[in-house]
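Undergrad: The amino acid sequence is not available; the structure is as follows:
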């Protein structure tokens, strides 16, 4: 039967699925999505992802969606595909509607689950090579704090740096400060083991994994500071990593700025300590399912 998806309350084969051609998510990018990982059938931090999507839905005017139904859609599509370790994507759009109606119509809700192979252990040992993109992140955009289907900036930035054999693109904002990666949040570790990450006001998505790592750091007694970081300031840090639901905590080997200057980092103890704690949290959550 192939891949099974969950579309608007129904499980069906991907080949049977159809999106209305007047759907605002397709026509205008008026939609939201969450990407998650399932471990041993357990979708890690699912409740946090759903809560973020619901908060963003209010902001962009998507109505008539319920947390319990989103939860059921995600869990059922993992089970229907017989997956233990998977990439899970939940997409919600405004659905079929006029462009500027007084009230939105029924949203389109799509849940997908596919087998996921994480980066090889060697990549975590060596770390990602990243480069600052020519594409800028505007911190004042009303969309920057939401994970919308208007994802072209991220695609352009990632395509640019991958063509130069880098693993991830880093965004600068309009003030020239580091904001985030194309699909990740940025962390740095100073010589006194203080964790540093750009503040939300720098123009970045409030990542689920980003917040969870900040909580882990607090439990481990690590000082964590949300503060602006300019590329020239990278010399003050000896470890760096990026976070996302799919790659978890990925060490960085380097960040190359727009002028070609490379800032190198080691895969150090602070990063590895956080990685171990993150893995323990996954094992604990999976054990409760």
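TA: On my side now, so go ahead. If you're wondering where the values come from, they're calculated on a predicted model, not measured in any experiment. Numbers count the residues shown, from 1 in each chain.
Undergrad: where along this protein do the helices fall?
TA: Assigned by DSSP state H, the chain shows helices spanning 24-28, 46-60, 67-80, 121-126, 152-162, 208-219, 269-288.
Undergrad: With respect to residue 134, which of those helices lies nearest?
TA: helix 152-162 (6.6 Å; Cβ to Cβ). The way it works is simple: take the backbone N, C-alpha and C, and place the C-beta from them, glycine included.
Undergrad: List the buried residues for the closest one?
TA: Residues of helix 152-162 classed as buried by neighbour count (16 or more other Cβ atoms under 10 Å): 153-154, 157-158, 160-161.
Undergrad: Show me what it is packed against.
TA: strand 128-137, strand 168-173 (3 or more Cβ pairs under 8 Å, 6 or more residues apart in numbering; DSSP states H and E).
Undergrad: Make JSON lines from these and add mean neighbour count to it.
TA: Below are the helices and strands packed on helix 152-162 laid out as JSON lines (neighbours: other Cβ atoms under 10 Å):
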{"stretch": "strand 128-137", "mean neighbour count": "20"}
{"stretch": "strand 168-173", "mean neighbour count": "24"}
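Undergrad: Quick one: closest of those to residue 262.
TA: Closest among the helices and strands packed on helix 152-162, using Cβ to Cβ: strand 128-137, at 8.7 Å.
Undergrad: who's in contact with residue 18?
TA: Listed by Cβ atoms under 8 Å, 6 or more residues apart in numbering, residue 18 has no contact partners.
Undergrad: Torsion angles phi and psi at it?
TA: phi -150, psi 140 (degrees, to the nearest 10).
Undergrad: Can you check the pLDDT for it?
TA: At residue 18, the model reports a pLDDT of 90.
Undergrad: got it, and residue 184?
TA: For residue 184, the model assigns a pLDDT of 98.
Undergrad: what's near enough to touch the nearest residue to it once chain neighbours are set aside?
TA: Of all residues not flanking residue 184 in the chain, residue 242 sits nearest, at 3.7 Å (Cβ to Cβ, 6 or more residues apart in numbering). Contact analysis of residue 242 by Cβ under 8 Å, 6+ apart lists 128, 130, 168, 181, 184-187, 249-250, 252.
Undergrad: Bridge partners for residue 242, pull those for me.
TA: Counting by DSSP bridges, residue 242 forms beta bridges with residue 186, residue 250.
Undergrad: Could you find the closest non-adjacent residue to residue 243?
TA: residue 209 is the one closest to residue 243 (Cβ to Cβ, 6+ apart), at 4.2 Å.
Undergrad: burial count for that neighbour?
TA: 22 (other Cβ atoms under 10 Å).
Undergrad: That one and residue 249, how far apart?
TA: 8 Å (Cβ to Cβ, to the nearest Å).
Undergrad: can you pull the buried residues of the worst-scoring helix or strand of the chain on mean pLDDT?
TA: Sorted by mean pLDDT, DSSP states H and E, the helices and strands of the chain end with helix 24-28, the least confident at a mean of 87. For helix 24-28, burial by neighbour count (16+ other Cβ under 10 Å) applies to 24-26.
Undergrad: Domain parsing of the protein, as residue ranges.
TA: 4-115, 121-285 (automatic domain parsing).
Undergrad: Go through these and find the least confident stretch.
TA: domain 4-115 (a mean of 91).
Undergrad: okay, how far is it across that domain, tip to tip?
TA: Taking Cα to Cα, to the nearest Å, domain 4-115 runs 12 Å from one end to the other.
Undergrad: What of stretch 17-30?
TA: End-to-end distance (Cα to Cα), stretch 17-30: 20 Å.
Undergrad: how far does it sit from the chain's center?
TA: 22 Å (Cα atoms, centre = their mean, to the nearest Å).
Undergrad: same deal with stretch 280-289?
TA: For stretch 280-289 - counting by Cα atoms, centre = their mean - the centre lies 20 Å from the chain centre.
Undergrad: which residues touch the residue nearest to residue 243?
TA: So residue 209 contacts 45, 185, 243-245, 248-249 (Cβ under 8 Å, 6+ apart).
Undergrad: and if we set it to 10 Å?
TA: 37, 44-45, 48, 184-185, 242-249, 278 (Cβ atoms under 10 Å, 6 or more residues apart in numbering).
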